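> sequence-free structure coming up:
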Ligand code: SF4
Ligand code: SF4
(Lines give C-alpha, C1' and ligand atoms only; values in the text may rest on other atoms or scores of the structure.)
(Ligands and ions follow the chains in the order given, each with its own letter.)
Protein backbone atom coordinates (compact mmCIF):
# COMPACT_ATOMS: atom_id res chain seq x y z
CA UNK A 1 0.00 0.00 0.00
CA UNK A 2 1.29 3.49 -0.81
CA UNK A 3 2.86 5.12 2.23
CA UNK A 4 1.54 8.36 3.59
CA UNK A 5 3.29 10.64 6.06
CA UNK A 6 1.66 10.56 9.43
CA UNK A 7 0.16 13.72 10.82
CA UNK A 8 1.96 15.06 13.89
CA UNK A 9 0.84 13.26 17.00
CA UNK A 10 -0.16 10.09 15.16
CA UNK A 11 3.22 8.51 15.12
CA UNK A 12 4.85 6.88 18.02
CA UNK A 13 3.54 5.92 21.40
CA UNK A 14 0.96 8.22 22.88
CA UNK A 15 1.51 9.84 26.22
CA UNK A 16 -1.12 8.08 28.29
CA UNK A 17 1.33 5.56 29.60
CA UNK A 18 -1.09 2.63 29.93
CA UNK A 19 1.70 0.10 30.02
CA UNK A 20 1.31 -1.74 33.29
CA UNK A 21 0.42 -5.41 33.28
CA UNK A 22 -2.84 -7.18 34.08
CA UNK A 23 -6.26 -6.03 35.07
CA UNK A 24 -5.45 -3.73 37.93
CA UNK A 25 -8.03 -1.28 39.17
CA UNK A 26 -5.44 1.46 38.66
CA UNK A 27 -5.31 0.91 34.92
CA UNK A 28 -9.08 0.70 34.65
CA UNK A 29 -9.40 4.04 36.42
CA UNK A 30 -7.15 5.63 33.79
CA UNK A 31 -9.48 4.26 31.11
CA UNK A 32 -12.51 5.76 32.80
CA UNK A 33 -11.17 9.27 32.13
CA UNK A 34 -11.19 8.66 28.43
CA UNK A 35 -14.04 9.90 26.30
CA UNK A 36 -15.68 7.47 23.87
CA UNK A 37 -13.48 7.06 20.82
CA UNK A 38 -10.29 8.02 22.65
CA UNK A 39 -9.53 4.50 23.74
CA UNK A 40 -6.64 2.93 21.96
CA UNK A 41 -3.44 1.04 22.60
CA UNK A 42 -0.55 3.00 24.03
CA UNK A 43 2.38 2.31 21.76
CA UNK A 44 2.80 3.01 18.04
CA UNK A 45 0.23 2.36 15.34
CA UNK A 46 -0.68 4.33 12.22
CA UNK A 47 -3.74 5.77 10.52
CA UNK A 48 -3.52 4.82 6.85
CA UNK A 49 -6.00 6.21 4.30
CA UNK A 50 -9.16 4.22 4.96
CA UNK A 51 -10.65 3.75 1.45
CA UNK A 52 -13.75 2.28 3.12
CA UNK A 53 -16.01 4.65 1.23
CA UNK A 54 -15.74 2.35 -1.81
CA UNK A 55 -17.94 -0.29 -0.16
CA UNK A 56 -19.24 1.12 3.17
CA UNK A 57 -22.67 1.75 1.68
CA UNK A 58 -22.81 -1.52 -0.27
CA UNK A 59 -25.39 -3.78 1.36
CA UNK A 60 -24.42 -7.45 1.51
CA UNK A 61 -25.59 -9.27 -1.62
CA UNK A 62 -25.60 -13.02 -2.21
CA UNK A 63 -23.73 -14.60 -5.06
CA UNK A 64 -23.70 -18.32 -5.85
CA UNK A 65 -21.28 -19.47 -8.58
CA UNK A 66 -21.80 -22.45 -10.89
CA UNK A 67 -19.06 -24.42 -9.10
CA UNK A 68 -16.91 -24.26 -5.99
CA UNK A 69 -13.49 -25.68 -5.17
CA UNK A 70 -13.12 -26.33 -1.44
CA UNK A 71 -9.58 -26.87 -0.09
CA UNK A 72 -9.20 -29.36 2.78
CA UNK A 73 -6.76 -27.02 4.59
CA UNK A 74 -8.63 -23.97 5.85
CA UNK A 75 -7.52 -23.58 9.44
CA UNK A 76 -4.40 -23.62 11.55
CA UNK A 77 -3.93 -27.29 12.40
CA UNK A 78 -4.00 -30.60 10.58
CA UNK A 79 -5.60 -30.78 7.12
CA UNK A 80 -8.94 -32.52 6.77
CA UNK A 81 -9.29 -35.84 4.91
CA UNK A 82 -11.76 -35.90 1.99
CA UNK A 83 -14.82 -38.08 2.67
CA UNK A 84 -16.31 -37.86 -0.84
CA UNK A 85 -15.27 -39.09 -4.28
CA UNK A 86 -15.73 -38.04 -7.85
CA UNK A 87 -19.40 -38.32 -8.99
CA UNK A 88 -20.82 -38.32 -5.42
CA UNK A 89 -23.95 -36.23 -4.96
CA UNK A 90 -23.79 -33.82 -2.01
CA UNK A 91 -26.25 -31.44 -0.42
CA UNK A 92 -25.44 -28.00 1.01
CA UNK A 93 -24.17 -28.59 4.57
CA UNK A 94 -23.10 -32.25 4.09
CA UNK A 95 -19.75 -33.15 5.65
CA UNK A 96 -17.22 -33.59 2.82
CA UNK A 97 -13.96 -33.70 4.80
CA UNK A 98 -12.86 -34.10 8.41
CA UNK A 99 -9.59 -33.38 10.23
CA UNK A 100 -8.16 -35.82 12.81
CA UNK A 101 -9.33 -33.48 15.60
CA UNK A 102 -12.95 -33.58 14.38
CA UNK A 103 -12.98 -30.17 12.67
CA UNK A 104 -15.19 -30.61 9.61
CA UNK A 105 -15.54 -29.10 6.16
CA UNK A 106 -18.99 -29.03 4.55
CA UNK A 107 -20.42 -28.78 1.07
CA UNK A 108 -21.08 -25.06 0.44
CA UNK A 109 -23.56 -25.84 -2.38
CA UNK A 110 -25.61 -28.84 -3.49
CA UNK A 111 -24.30 -30.63 -6.55
CA UNK A 112 -22.05 -33.33 -7.92
CA UNK A 113 -18.41 -33.85 -6.99
CA UNK A 114 -16.39 -33.21 -10.12
CA UNK A 115 -12.92 -33.83 -8.74
CA UNK A 116 -10.84 -34.40 -5.64
CA UNK A 117 -7.36 -33.30 -6.59
CA UNK A 118 -4.61 -30.75 -5.97
CA UNK A 119 -5.67 -27.22 -6.86
CA UNK A 120 -4.29 -23.67 -6.35
CA UNK A 121 -4.70 -22.39 -2.77
CA UNK A 122 -4.55 -18.71 -1.67
CA UNK A 123 -2.14 -19.40 1.21
CA UNK A 124 -0.52 -22.79 0.66
CA UNK A 125 0.02 -22.35 -3.12
CA UNK A 126 -1.49 -25.83 -3.72
CA UNK A 127 -3.70 -28.12 -1.66
CA UNK A 128 -6.08 -31.05 -2.07
CA UNK A 129 -9.51 -29.61 -2.89
CA UNK A 130 -13.01 -30.88 -3.63
CA UNK A 131 -14.69 -29.36 -6.69
CA UNK A 132 -18.50 -29.41 -6.72
CA UNK A 133 -20.62 -28.51 -9.75
CA UNK A 134 -23.83 -26.76 -8.65
CA UNK A 135 -27.03 -28.79 -9.03
CA UNK A 136 -29.71 -27.49 -6.65
CA UNK A 137 -32.14 -30.11 -5.33
CA UNK A 138 -35.88 -29.78 -4.72
CA UNK A 139 -35.36 -29.87 -0.97
CA UNK A 140 -32.46 -27.48 -0.33
CA UNK A 141 -31.48 -27.40 3.38
CA UNK A 142 -32.73 -24.23 5.07
CA UNK A 143 -31.20 -24.50 8.57
CA UNK A 144 -34.20 -23.33 10.63
CA UNK A 145 -33.91 -22.29 14.28
CA UNK A 146 -33.73 -25.34 16.56
CA UNK A 147 -36.12 -25.28 19.53
CA UNK A 148 -34.48 -25.07 22.95
CA UNK A 149 -31.11 -23.89 21.59
CA UNK A 150 -30.63 -21.39 24.42
CA UNK A 151 -30.79 -24.16 27.02
CA UNK A 152 -28.14 -26.37 25.41
CA UNK A 153 -25.26 -27.27 27.70
CA UNK A 154 -21.89 -25.61 27.17
CA UNK A 155 -20.42 -28.96 26.09
CA UNK A 156 -23.06 -29.45 23.39
CA UNK A 157 -22.53 -25.87 22.17
CA UNK A 158 -18.80 -26.46 21.92
CA UNK A 159 -19.35 -29.70 20.01
CA UNK A 160 -21.57 -27.87 17.50
CA UNK A 161 -18.83 -25.25 17.05
CA UNK A 162 -16.30 -27.96 16.31
CA UNK A 163 -18.51 -30.00 14.00
CA UNK A 164 -19.67 -26.81 12.27
CA UNK A 165 -16.06 -26.24 11.19
CA UNK A 166 -15.81 -22.82 12.82
CA UNK A 167 -12.53 -20.93 12.57
CA UNK A 168 -11.67 -17.29 13.22
CA UNK A 169 -13.33 -15.49 10.32
CA UNK A 170 -11.39 -12.26 10.90
CA UNK A 171 -8.58 -13.84 8.89
CA UNK A 172 -6.65 -15.83 11.48
CA UNK A 173 -8.50 -19.11 10.76
CA UNK A 174 -7.64 -20.49 14.22
CA UNK A 175 -10.12 -23.26 15.14
CA UNK A 176 -12.78 -21.62 17.32
CA UNK A 177 -13.44 -24.71 19.47
CA UNK A 178 -9.77 -24.73 20.50
CA UNK A 179 -9.89 -21.08 21.52
CA UNK A 180 -13.05 -21.69 23.53
CA UNK A 181 -11.76 -24.85 25.25
CA UNK A 182 -10.22 -23.24 28.31
CA UNK A 183 -7.72 -24.83 30.67
CA UNK A 184 -9.34 -25.74 34.01
CA UNK A 185 -7.31 -23.14 35.91
CA UNK A 186 -8.15 -20.26 33.51
CA UNK A 187 -9.78 -17.29 35.23
CA UNK A 188 -11.68 -15.56 32.44
CA UNK A 189 -13.88 -12.61 33.37
CA UNK A 190 -14.42 -10.81 30.04
CA UNK A 191 -15.28 -11.66 26.46
CA UNK A 192 -14.14 -9.13 23.84
CA UNK A 193 -15.86 -9.09 20.48
CA UNK A 194 -13.66 -7.54 17.83
CA UNK A 195 -15.60 -5.21 15.56
CA UNK A 196 -12.64 -2.94 14.89
CA UNK A 197 -12.06 -3.85 11.25
CA UNK A 198 -8.98 -1.63 11.28
CA UNK A 199 -7.60 -2.72 7.87
CA UNK A 200 -8.25 -0.17 5.11
CA UNK A 201 -10.80 -1.06 2.39
CA UNK A 202 -12.55 -3.86 4.34
CA UNK A 203 -16.19 -3.29 5.29
CA UNK A 204 -17.56 -6.87 5.53
CA UNK A 205 -17.66 -6.79 9.35
CA UNK A 206 -19.09 -3.27 9.32
CA UNK A 207 -21.97 -4.33 7.06
CA UNK A 208 -22.59 -7.45 9.15
CA UNK A 209 -22.83 -5.35 12.35
CA UNK A 210 -25.08 -2.84 10.61
CA UNK A 211 -27.40 -5.26 8.82
CA UNK A 212 -27.45 -8.18 11.24
CA UNK A 213 -26.70 -6.60 14.62
CA UNK A 214 -29.07 -8.91 16.50
CA UNK A 215 -27.31 -12.02 15.20
CA UNK A 216 -23.90 -10.59 16.12
CA UNK A 217 -25.15 -9.76 19.64
CA UNK A 218 -26.82 -13.16 20.13
CA UNK A 219 -23.67 -14.81 18.78
CA UNK A 220 -21.62 -12.94 21.37
CA UNK A 221 -24.08 -14.17 24.01
CA UNK A 222 -23.57 -17.82 22.93
CA UNK A 223 -19.80 -17.42 23.29
CA UNK A 224 -20.13 -15.72 26.68
CA UNK A 225 -22.33 -18.61 27.80
CA UNK A 226 -19.90 -21.22 26.47
CA UNK A 227 -16.97 -19.77 28.40
CA UNK A 228 -19.12 -18.84 31.41
CA UNK A 229 -18.51 -15.07 31.61
CA UNK A 230 -21.11 -12.39 32.34
CA UNK A 231 -19.23 -9.44 30.86
CA UNK A 232 -18.82 -8.74 27.15
CA UNK A 233 -17.32 -5.69 25.44
CA UNK A 234 -17.76 -5.16 21.71
CA UNK A 235 -14.93 -2.93 20.43
CA UNK A 236 -15.74 -0.82 17.36
CA UNK A 237 -13.61 1.97 15.88
CA UNK A 238 -15.19 5.41 15.89
CA UNK A 239 -15.39 5.54 12.07
CA UNK A 240 -18.30 3.06 12.21
CA UNK A 241 -20.88 5.02 14.19
CA UNK A 242 -23.94 3.53 12.41
CA UNK A 243 -22.79 0.02 13.38
CA UNK A 244 -22.33 1.14 16.99
CA UNK A 245 -25.89 2.44 17.09
CA UNK A 246 -27.24 -0.75 15.49
CA UNK A 247 -25.44 -2.94 18.03
CA UNK A 248 -26.55 -0.84 21.01
CA UNK A 249 -30.16 -0.94 19.80
CA UNK A 250 -29.93 -4.73 19.34
CA UNK A 251 -28.56 -5.25 22.86
CA UNK A 252 -31.48 -3.29 24.26
CA UNK A 253 -34.11 -4.97 22.09
CA UNK A 254 -32.89 -8.46 22.93
CA UNK A 255 -32.59 -7.72 26.66
CA UNK A 256 -29.30 -9.60 26.84
CA UNK A 257 -28.92 -8.72 30.52
CA UNK A 258 -32.15 -10.52 31.37
CA UNK A 259 -31.69 -13.75 29.38
CA UNK A 260 -31.43 -17.03 31.38
CA UNK A 261 -27.64 -16.51 31.32
CA UNK A 262 -27.40 -12.72 31.76
CA UNK A 263 -24.49 -10.90 30.13
CA UNK A 264 -23.57 -7.26 30.74
CA UNK A 265 -22.82 -6.30 27.15
CA UNK A 266 -21.41 -2.94 26.12
CA UNK A 267 -20.33 -1.46 22.79
CA UNK A 268 -17.11 0.49 23.31
CA UNK A 269 -15.85 3.03 20.79
CA UNK A 270 -12.14 3.09 20.12
CA UNK A 271 -10.00 5.56 18.23
CA UNK A 272 -9.63 4.70 14.54
CA UNK A 273 -6.06 3.47 14.44
CA UNK A 274 -4.33 0.50 12.86
CA UNK A 275 -3.74 -2.27 14.16
CA UNK A 276 -6.55 -1.80 16.70
CA UNK A 277 -8.05 -5.15 15.61
CA UNK A 278 -4.99 -7.13 16.71
CA UNK A 279 -5.88 -9.06 19.85
CA UNK A 280 -3.37 -7.60 22.25
CA UNK A 281 -3.95 -4.03 21.00
CA UNK A 282 -7.74 -4.39 21.33
CA UNK A 283 -7.43 -5.86 24.82
CA UNK A 284 -5.26 -2.93 25.89
CA UNK A 285 -7.59 -0.38 24.29
CA UNK A 286 -10.73 -1.80 25.88
CA UNK A 287 -9.52 -2.93 29.29
CA UNK A 288 -6.05 -1.48 29.91
CA UNK A 289 -4.70 -5.00 30.41
CA UNK A 290 -1.43 -5.87 28.69
CA UNK A 291 -0.88 -9.39 27.39
CA UNK A 292 2.67 -10.52 28.20
CA UNK A 293 5.06 -10.94 25.27
CA UNK A 294 4.39 -14.25 23.56
CA UNK A 295 1.56 -14.74 26.04
CA UNK A 296 -2.14 -15.40 25.45
CA UNK A 297 -5.21 -13.24 26.16
CA UNK A 298 -6.44 -15.78 28.70
CA UNK A 299 -3.42 -14.91 30.87
CA UNK A 300 -5.11 -11.54 31.49
CA UNK A 301 -8.58 -13.06 31.87
CA UNK A 302 -9.86 -12.42 28.36
CA UNK A 303 -11.15 -14.32 25.32
CA UNK A 304 -11.37 -12.45 21.99
CA UNK A 305 -13.56 -13.35 19.01
CA UNK A 306 -14.27 -11.47 15.80
CA UNK A 307 -17.84 -10.28 15.01
CA UNK A 308 -18.21 -12.57 11.98
CA UNK A 309 -17.13 -15.52 14.12
CA UNK A 310 -19.74 -14.58 16.75
CA UNK A 311 -22.35 -14.52 13.97
CA UNK A 312 -21.21 -17.94 12.75
CA UNK A 313 -21.33 -19.30 16.33
CA UNK A 314 -25.00 -18.35 16.53
CA UNK A 315 -25.74 -20.02 13.20
CA UNK A 316 -23.95 -23.20 14.30
CA UNK A 317 -25.67 -23.38 17.69
CA UNK A 318 -29.14 -22.01 16.90
CA UNK A 319 -29.56 -23.27 13.34
CA UNK A 320 -27.11 -26.19 13.08
CA UNK A 321 -25.62 -24.33 10.11
CA UNK A 322 -21.93 -25.04 9.50
CA UNK A 323 -19.53 -22.52 7.94
CA UNK A 324 -20.44 -22.89 4.27
CA UNK A 325 -20.39 -19.23 3.29
CA UNK A 326 -18.97 -15.90 4.40
CA UNK A 327 -19.11 -12.18 3.61
CA UNK A 328 -16.23 -10.90 1.47
CA UNK A 329 -15.45 -7.28 0.59
CA UNK A 330 -14.45 -6.97 -3.07
CA UNK A 331 -12.84 -3.55 -3.44
CA UNK A 332 -10.04 -1.37 -4.79
CA UNK A 333 -9.98 1.13 -7.65
CA UNK A 334 -9.21 -1.76 -10.00
CA UNK A 335 -12.63 -3.43 -9.76
CA UNK A 336 -15.55 -2.09 -11.80
CA UNK A 337 -18.25 -2.61 -9.13
CA UNK A 338 -16.96 -2.84 -5.56
CA UNK A 339 -19.31 -4.94 -3.41
CA UNK A 340 -19.86 -6.81 -0.19
CA UNK A 341 -20.87 -10.34 -1.12
CA UNK A 342 -21.99 -13.39 0.84
CA UNK A 343 -20.48 -16.24 -1.15
CA UNK A 344 -20.11 -20.00 -0.70
CA UNK A 345 -16.68 -21.08 0.55
CA UNK A 346 -14.75 -22.26 -2.50
CA UNK A 347 -16.00 -19.53 -4.88
CA UNK A 348 -13.14 -18.65 -7.20
CA UNK A 349 -11.66 -15.15 -7.28
CA UNK A 350 -12.07 -15.20 -11.08
CA UNK A 351 -15.84 -15.77 -10.68
CA UNK A 352 -16.06 -12.88 -8.20
CA UNK A 353 -14.12 -10.63 -10.55
CA UNK A 354 -16.57 -11.41 -13.35
CA UNK A 355 -19.59 -10.92 -11.06
CA UNK A 356 -18.23 -7.48 -10.06
CA UNK A 357 -17.92 -6.28 -13.65
CA UNK A 358 -14.27 -7.14 -14.28
CA UNK A 359 -11.18 -4.96 -14.06
CA UNK A 360 -11.36 -1.20 -13.97
CA UNK A 361 -8.13 0.08 -15.49
CA UNK A 362 -4.67 -1.37 -14.94
CA UNK A 363 -4.57 -3.66 -11.92
CA UNK A 364 -1.04 -4.16 -10.62
CA UNK A 365 -1.79 -6.22 -7.52
CA UNK A 366 -4.57 -8.52 -6.27
CA UNK A 367 -4.68 -9.17 -2.54
CA UNK A 368 -6.57 -11.67 -0.41
CA UNK A 369 -7.27 -9.79 2.84
CA UNK A 370 -6.55 -6.18 3.67
CA UNK A 371 -3.69 -4.09 2.26
CA UNK A 372 -1.69 -4.22 5.51
CA UNK A 373 -1.70 -7.95 6.26
CA UNK A 374 -3.22 -9.50 3.14
CA UNK A 375 -1.44 -11.82 0.72
CA UNK A 376 -0.68 -11.02 -2.91
CA UNK A 377 -2.24 -13.55 -5.26
CA UNK A 378 -0.39 -14.87 -8.30
CA UNK A 379 -3.38 -16.84 -9.63
CA UNK A 380 -7.02 -15.72 -9.85
CA UNK A 381 -8.20 -19.32 -9.92
CA UNK A 382 -7.80 -19.63 -6.16
CA UNK A 383 -10.90 -20.01 -4.00
CA UNK A 384 -12.35 -17.98 -1.15
CA UNK A 385 -11.50 -19.87 2.06
CA UNK A 386 -12.96 -19.41 5.55
CA UNK A 387 -10.30 -16.81 6.42
CA UNK A 388 -10.82 -14.63 3.31
CA UNK A 389 -12.23 -11.29 4.48
CA UNK A 390 -11.48 -9.26 1.37
CA UNK A 391 -10.28 -9.28 -2.21
CA UNK A 392 -8.59 -6.11 -3.33
CA UNK A 393 -7.88 -5.20 -6.92
CA UNK A 394 -5.32 -2.41 -6.65
CA UNK A 395 -4.15 -0.02 -9.34
CA UNK A 396 -0.76 1.65 -9.57
CA UNK A 397 -2.00 4.71 -7.66
CA UNK A 398 -2.91 2.50 -4.68
CA UNK A 399 0.30 0.52 -4.38
CA UNK A 400 3.93 1.27 -3.97
CA UNK A 401 6.08 -0.61 -6.46
CA UNK A 402 9.16 1.60 -6.07
CA UNK A 403 12.50 -0.08 -5.41
CA UNK A 404 13.74 0.05 -1.85
CA UNK A 405 16.84 1.76 -0.59
CA UNK A 406 19.23 1.61 2.34
CA UNK A 407 18.16 2.35 5.90
CA UNK A 408 18.73 6.04 6.61
CA UNK A 409 18.30 5.61 10.35
CA UNK A 410 15.29 7.90 10.63
CA UNK A 411 13.69 5.79 13.37
CA UNK A 412 10.14 6.05 12.00
CA UNK A 413 9.69 2.27 12.03
CA UNK A 414 10.64 2.25 15.73
CA UNK A 415 8.04 4.91 16.49
CA UNK A 416 5.13 3.07 14.90
CA UNK A 417 5.83 -0.53 15.94
CA UNK A 418 3.06 -1.40 18.42
CA UNK A 419 5.39 -3.82 20.18
CA UNK A 420 8.45 -1.59 20.38
CA UNK A 421 10.54 -3.88 18.17
CA UNK A 422 13.50 -2.86 16.02
CA UNK A 423 12.63 -3.82 12.44
CA UNK A 424 15.41 -1.57 11.10
CA UNK A 425 18.06 -3.70 12.86
CA UNK A 426 16.43 -6.96 11.80
CA UNK A 427 16.40 -5.82 8.17
CA UNK A 428 20.07 -4.92 8.29
CA UNK A 429 21.13 -8.22 9.87
CA UNK A 430 19.12 -10.13 7.26
CA UNK A 431 20.81 -8.14 4.49
CA UNK A 432 24.18 -8.99 6.02
CA UNK A 433 23.25 -12.71 5.92
CA UNK A 434 23.00 -12.97 9.72
CA UNK A 435 19.25 -13.61 10.32
CA UNK A 436 19.95 -15.76 13.38
CA UNK A 437 21.28 -12.74 15.29
CA UNK A 438 17.97 -10.88 15.30
CA UNK A 439 16.11 -12.38 18.26
CA UNK A 440 17.47 -9.64 20.48
CA UNK A 441 15.64 -7.08 18.28
CA UNK A 442 12.33 -8.83 18.87
CA UNK A 443 11.84 -10.62 15.55
CA UNK A 444 10.07 -13.60 17.15
CA UNK A 445 7.42 -11.32 18.69
CA UNK A 446 6.57 -9.61 15.39
CA UNK A 447 2.99 -10.29 14.27
CA UNK A 448 3.59 -8.80 10.82
CA UNK A 449 1.16 -5.90 11.09
CA UNK A 450 3.12 -3.93 8.47
CA UNK A 451 3.16 -0.55 10.27
CA UNK A 452 6.95 -0.37 9.93
CA UNK A 453 6.96 -1.06 6.18
CA UNK A 454 4.19 1.49 5.69
CA UNK A 455 6.13 4.41 7.15
CA UNK A 456 9.66 3.61 5.95
CA UNK A 457 10.82 6.51 3.74
CA UNK A 458 13.31 4.17 2.06
CA UNK A 459 10.44 1.89 1.11
CA UNK A 460 12.16 -1.05 2.80
CA UNK A 461 10.07 -4.26 2.88
CA UNK A 462 10.56 -4.61 6.63
CA UNK A 463 7.83 -7.23 7.13
CA UNK A 464 9.43 -9.46 4.52
CA UNK A 465 12.79 -9.08 6.28
CA UNK A 466 11.08 -10.12 9.53
CA UNK A 467 9.59 -13.15 7.75
CA UNK A 468 13.00 -14.18 6.39
CA UNK A 469 14.53 -14.01 9.88
CA UNK A 470 11.62 -15.93 11.42
CA UNK A 471 11.95 -18.65 8.78
CA UNK A 472 15.67 -18.95 9.60
CA UNK A 473 14.81 -19.49 13.29
CA UNK A 474 12.12 -22.05 12.39
CA UNK A 475 14.54 -23.96 10.18
CA UNK A 476 17.15 -23.90 12.93
CA UNK A 477 14.63 -25.33 15.44
CA UNK A 478 13.65 -28.09 12.97
CA UNK A 479 17.26 -29.08 12.30
CA UNK A 480 17.82 -29.48 16.06
CA UNK A 481 14.87 -31.89 16.47
S1 SF4 B 1 5.44 -5.75 11.35
FE2 SF4 B 1 6.43 -6.44 13.22
S3 SF4 B 1 8.18 -5.08 13.47
FE4 SF4 B 1 6.82 -4.12 11.97
S5 SF4 B 1 5.56 -2.76 13.17
FE6 SF4 B 1 4.43 -4.69 13.04
S7 SF4 B 1 5.03 -5.86 14.87
FE8 SF4 B 1 6.50 -4.17 14.62
S1 SF4 C 1 14.20 0.93 8.25
FE2 SF4 C 1 13.22 2.66 7.22
S3 SF4 C 1 11.92 3.58 8.77
FE4 SF4 C 1 13.33 2.25 9.85
S5 SF4 C 1 15.01 3.56 10.45
FE6 SF4 C 1 15.58 2.67 8.48
S7 SF4 C 1 14.87 4.11 6.93
FE8 SF4 C 1 13.86 4.68 8.84
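Arrived safely. Since this is a predicted model, take the numbers as computed values, not measurements. Residues are numbered from 1 along each chain as shown. Ligands and ions are numbered 1, 2, ... in the order given.
> quickly find the element holding residue 44.
Assigned by DSSP states H and E, residue 44 belongs to no helix or strand.
> ditto for the one 5 residues further on
In this structure, residue 49 is located outside every helix and strand according to DSSP H and E.
> just residue 128 next, same as before
Per DSSP H and E: strand 125-134 holds residue 128.
> which is the next helix or strand following that strand?
By DSSP H and E, the next helix or strand past strand 125-134 is helix 154-163.
> what helices or strands is that following helix leaning on?
For helix 154-163, the packing partners by 3 or more CB pairs under 8 Å, 6 or more residues apart in numbering; DSSP states H and E come out as helix 176-180, helix 213-227, helix 307-319. C-beta: built from backbone N, CA, C; applies to glycine.
> what comes up buried for that helix?
157, 158, 159, 160, 161, 162, 163 (16 or more other CB atoms under 10 Å).
> if I look at the fourth one, how far off is ligand 1?
It stands for residue 160. Relative to ligand 1, residue 160 is positioned 35 Å away (CB to the nearest ligand atom, to the nearest Å).
> just the pLDDT at that residue, thanks.
With respect to pLDDT, residue 160 has a value of 97.
> reformat the helices and strands packed on helix 154-163 as CSV; add mean neighbour count, distance to ligand 2 and mean pLDDT.
Shown next, in CSV, are the helices and strands packed on helix 154-163 (neighbours: other CB atoms under 10 Å; distance: least, CB to the nearest ligand atom, whole Å; pLDDT from 0 to 100):
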stretch, mean neighbour count, distance to ligand 2, mean pLDDT
helix 176-180, 21, 34, 95
helix 213-227, 24, 38, 97
helix 307-319, 25, 33, 98
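> give the contact list for the one residue sitting closest to the centre of the chain.
Centroid-nearest residue in the chain, with CA atoms, centre = their mean: residue 170, separated by 1.9 Å. With contacts taken as CB atoms under 8 Å, 6 or more residues apart in numbering, residue 170 has the following neighbours: 194, 205, 277, 306, 308, 309, 389.
> what is the neighbour count of the third one?
Residues lying near residue 277 (other CB atoms under 10 Å) number 26.
> pretty sure it sits against residue 196.
Yes - at 3.7 Å, residue 277 counts as touching residue 196 under the criterion of CB atoms under 8 Å.
> which parts of the biggest helix by length in the chain are buried?
When the chain is parsed with DSSP state H, its longest helix is helix 462-480. The neighbour-count check on helix 462-480 (16+ other CB under 10 Å) flags 462, 463, 465, 466, 468, 469, 470, 472 as buried.
> what strand or helix carries the residue nearest to the fifth one when sequence neighbours are not counted?
Nearest residue to residue 468, sequence neighbours excluded (CB to CB, 6 or more residues apart in numbering): residue 430, at 5.1 Å. Assigned by DSSP H and E, residue 430 belongs to helix 423-431.
> tilt between that helix and helix 462-480?
Angle of helix 423-431 versus helix 462-480, following axes from the mean of the first three to the mean of the last three CA atoms, to 10 degrees, is 60 degrees.
> and helix 423-431, anywhere near ligand 1?
Yes - using CB under 6 Å from any ligand atom, helix 423-431 reaches ligand 1 at residue 423.
> counting neighbours, what do you get for the residue of the stretch 101-250 of the chain found nearest ligand 1?
Closest to ligand 1 within the stretch 101-250 of the chain is residue 198: 12.8 Å, counting by CB to the nearest ligand atom. When neighbours are defined as other CB under 10 Å, residue 198 has 27 of them.
> three-state assignment of it?
Classification of residue 198 using DSSP: H, G, I helix; E, B strand; the rest coil returns coil.
> pretty sure it is in contact with residue 279, am I right?
No - using CB under 8 Å, residue 198 makes no contact with residue 279, being 12.0 Å away.
> ends of stretch 235-242, how far apart?
14 Å (CA to CA, to the nearest Å).
> ignore what I typed, I meant stretch 185-194.
Span of stretch 185-194 from end to end, CA to CA: 25 Å.
> now do it: distance to the chain's middle.
Counting by CA atoms, centre = their mean, to the nearest Å, stretch 185-194 is centred 18 Å from the centre of its parent chain.
> outside of that stretch itself, list whatever touches it.
With CB under 8 Å, 6+ apart as the test, stretch 185-194 has contacts from 23, 170, 182, 216, 220, 223-224, 227-229, 231-235, 277, 279, 282-283, 286-287, 297-298, 301-307, 310.
> flag the shaky bits of the stretch 1-150 of the chain, pLDDT-wise.
1-37 (pLDDT under 70).
> who in it is up against ligand 2?
By the rule CB under 6 Å from any ligand atom, no part of the stretch 1-150 of the chain lies against ligand 2.
> just the strands in the stretch 1-150 of the chain please.
Here the stretch 1-150 of the chain has its strands, by DSSP state E, counting those that start in this stretch, at 60-62, 67-71, 81-82, 89-90, 95-98, 104-106, 111-121, 125-134.
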